[in-house]
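> coords please:
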Amino acid sequence: MKSNALWLRAKCIKAVREFFWSRGFLEVETPLLIPANAPEEYINPLIVSPTSQLQTSPELCMKRLLSEGHQKLFQICHCWRSHERGSRHLQEFTMLEWYRSNADYEALMTDCEELLRHVALSSLPEGATFRRNGHSITPFEPWQRITVQDAFERFSHGSVWECLEKGLYEEILTSAVEPGLATFHTPVFLLDYPAELAALSRLKAENPRLAERFELYVGGLELANGFSELTDPEEQRRRFIEANRQRSKNGEVALPIPEPFLTSLAAMPPSAGIALGIDRLIMLTAGTDSIDEVVAFTPEDL
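This is a model prediction of the structure:
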């Protein structure tokens, strides 16, 4: 029954808050209605007026707080992305984001391991595991790591670079790589993305073809996206402009550049940040394959 799922949802969110409060993170609230989100090629904001959008992520405001000297932040909030609906997607959804100054994506991967173990111990019967498509995934054994290039070679028998060149990256990711990741009985970090997919992340100093970015998969379900943060405002501006160029090429509207964020970026220390889907975490905890089962109302109910 959905009532049981709602109790489980509340229990999981309580466990998430306890986890971050116990580790000295400051819980913050930032505006949901903002002038500009980060322009990204495949993410469409919900535009309310010519000067206002609902946030697709609290990322920009939270990074501005890092630039003001805050060191460890987290937030649980609603986000909106236009034209998203499916068994794993809602246009309005709940996001957890956390940020660490003077840290990189390795620290975030450690956070993920400790967080999911804490949620499992706090929200599930003793010894229970997360479930996806009828399979059990335990967070209590060593987690797996696989690079994006190795994952494409292993599960699609091809090169990620060739897929990017041919415009087949998303198609191969969803048809071959994600089902391959679903075969692991522990959570998996898919890491070291090609620089073309860096978005707001820092490139690896020893190999600038790759970004210090990872996505966390549990039972083949993408749960989180984290990275070492880019702190160069000029490079970030260049990426925003390129994202808008690609959006226009794809028939999407170009998005405004978030100037206050770019202004503050130069003051941000080396940092790392991550977004984790709360609704998807509840799906794994409840053992359901539909996001509809873990929210109080779906859009169709309203």
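> isn't L90 up against S290?
No - counting by Cβ atoms under 8 Å, no contact exists between L90 and S290, whose distance comes to 10.8 Å. C-beta: built from backbone N, CA, C; applies to glycine.
> compare the two (neighbour count), which wins?
Neighbours of L90 and S290, each counted by other Cβ atoms under 10 Å, are more numerous for L90; the result is 19 against 13.
> residues contacting that one?
84, 279, 291, 295, 298-299 (Cβ atoms under 8 Å, 6 or more residues apart in numbering).
> try 6 Å
Contact partners of L90, counting by Cβ atoms under 6 Å, 6 or more residues apart in numbering, are I291.
> and it, its phi and psi?
Main-chain torsions, L90, degrees, to the nearest 10: phi -130, psi 150.
> show me what counts as buried in the helix or strand hosting M62.
Counting by DSSP states H and E, the element that carries M62 is helix 59-67. By neighbour count on 16 or more other Cβ atoms under 10 Å, the buried set for helix 59-67 is 59-67.
> what about the helices in the stretch 151-300 of the chain?
Assignment of helices within the stretch 151-300 of the chain using DSSP state H, counting those that start in this stretch yields the ranges 160-166, 169-172, 178-181, 233-249, 259-265, 278-286.
> okay, F152 and R81: tell me how far apart.
Here the criterion is Cβ to Cβ, to the nearest Å. By it, F152 lies 26 Å from R81.
> err, Q246, not the other one
Summarising the geometry, the distance separating Q246 from R81, computed by Cβ to Cβ, is 17 Å.
> the more surrounded of those two?
Neighbour comparison, Q246 and R81: the larger count goes to R81, with 20 against 15 (by other Cβ under 10 Å).
> so that one touches T56, yeah?
Yes - R81 is in contact with T56 according to Cβ atoms under 6 Å; the separation is 5.3 Å.
> for E126, find the nearest of the helices of the stretch 151-300 of the chain.
With respect to E126, and counting by Cβ to Cβ, the nearest of those is helix 278-286 at 14.3 Å.
> averaged pLDDT, the closest one. What do you get?
Per-region confidence: helix 278-286 scores 96 on mean pLDDT.
> from here on, call the first residue 3.
All set: I'll call the first residue 3, so the last point we hit is now helix 280-288.
> put the alpha carbons of that helix into PDB.
This file holds the C-alpha atoms of helix 280-288, laid out as PDB (Å, rounded to 0.1, in the frame of the first residue of the first chain):
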ATOM      1  CA  ILE A 280      15.500  11.100  -3.100                       C
ATOM      2  CA  ASP A 281      12.500   9.500  -4.900                       C
ATOM      3  CA  ARG A 282      14.800   7.000  -6.500                       C
ATOM      4  CA  LEU A 283      16.400   6.200  -3.200                       C
ATOM      5  CA  ILE A 284      13.000   5.500  -1.800                       C
ATOM      6  CA  MET A 285      12.200   3.300  -4.800                       C
ATOM      7  CA  LEU A 286      15.300   1.200  -4.000                       C
ATOM      8  CA  THR A 287      14.400   1.100  -0.300                       C
ATOM      9  CA  ALA A 288      10.800   0.100  -1.000                       C
END
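> show me the shaky parts of the stretch 3-152 of the chain.
Within the stretch 3-152 of the chain, the set of residues satisfying pLDDT under 70 comprises 3.
> do a quick rundown of the strands in it.
Taking DSSP state E, counting those that start in this stretch, the strands of the stretch 3-152 of the chain run over residues 28-29, 35-36, 48-51, 54-56, 74-82, 94-103, 132-134, 137-139, 146-149.
> quick one: buried residues of the last one?
Meaning strand 146-149. Residues 148-149 are the ones in strand 146-149 that count as buried (16+ other Cβ under 10 Å).
> can you spell out which helices and strands pack onto it?
Here strand 146-149 touches strand 190-196, going by 3 or more Cβ pairs under 6 Å, 6 or more residues apart in numbering; DSSP states H and E.
> mind listing what's buried along the longest strand anywhere in the chain?
In the chain, taking DSSP state E as the definition, the longest strand is strand 209-220. Applying a neighbour-count criterion of 16+ other Cβ under 10 Å, the buried positions in strand 209-220 are 212-220.
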